[in-house]
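Q: the sequence and its predicted three-dimensional model are supplied below.
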Amino acid sequence: MSFFGLFNKSNNSNDIMGMLEEGAVILDVRSPGEYASGHIPGSRNIPLNQLPNRISEVKNWGKPVVTCCLSGSRSAAAVSMLASQGIQCVNGGSWYGIKPKGSPTK
């Protein structure tokens, strides 16, 4: 297991892919600059430091959430925040590793 895999040990790729196939929203919690430099098409960006003030926005999506960031650390923190508010979510880890349905594989 890689170092970054430690942040995502409770979720496996089947859980993530299942949630995405059911319409989960991908929430990228990196900074706006990081997000602008590359992101998953269709993902939404709420930086981790803004998330506590935007929980109601996420709840209004009415969908499960797959969080991501660069390494999986910030997305793990986001899962803790969201789950404590009753939002169904999983840590997708690094945005590089999430492949939404229909995405090209490399």
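A: Perfect, I can see it now. Residues are numbered from 1 along each chain as shown.
Q: quick check: phi and psi on the spatially most central residue of the chain?
A: With distances taken as CA atoms, centre = their mean, T67 lies nearest the centre of the chain, 1.2 Å away. Torsion angles at T67 (phi, psi; degrees, to the nearest 10) stand at phi -90, psi 150.
Q: run through the residues that contact it.
A: Shown here is T67, whose contacts under the criterion CB atoms under 8 Å, 6 or more residues apart in numbering are 26-29, 75-76, 78-79, 82, 89-92. C-beta here means a position set from N, CA and C on the backbone, and glycine is covered the same way.
Q: what subset of those is buried?
A: Taking 16 or more other CB atoms under 10 Å as the criterion, what is buried in the contacts of T67 is 26-29, 75-76, 78-79, 82, 89-92.
Q: report the two of these separated the most.
A: Spatially, the most separated pair among those is I26 and A76, at 15.2 Å (CB to CB).
Q: return the distance of the helix or strand harbouring S75 from the chain's centre.
A: In this structure, S75 sits in helix 73-84 according to DSSP states H and E. Distance, stretch centre to chain centre, for helix 73-84: 9 Å (CA atoms, centre = their mean, to the nearest Å).
Q: by contact count, what packs against it?
A: Counting contacts by 3 or more CB pairs under 8 Å, 6 or more residues apart in numbering; DSSP states H and E, helix 73-84 packs against helix 55-61, strand 65-69, strand 89-94.
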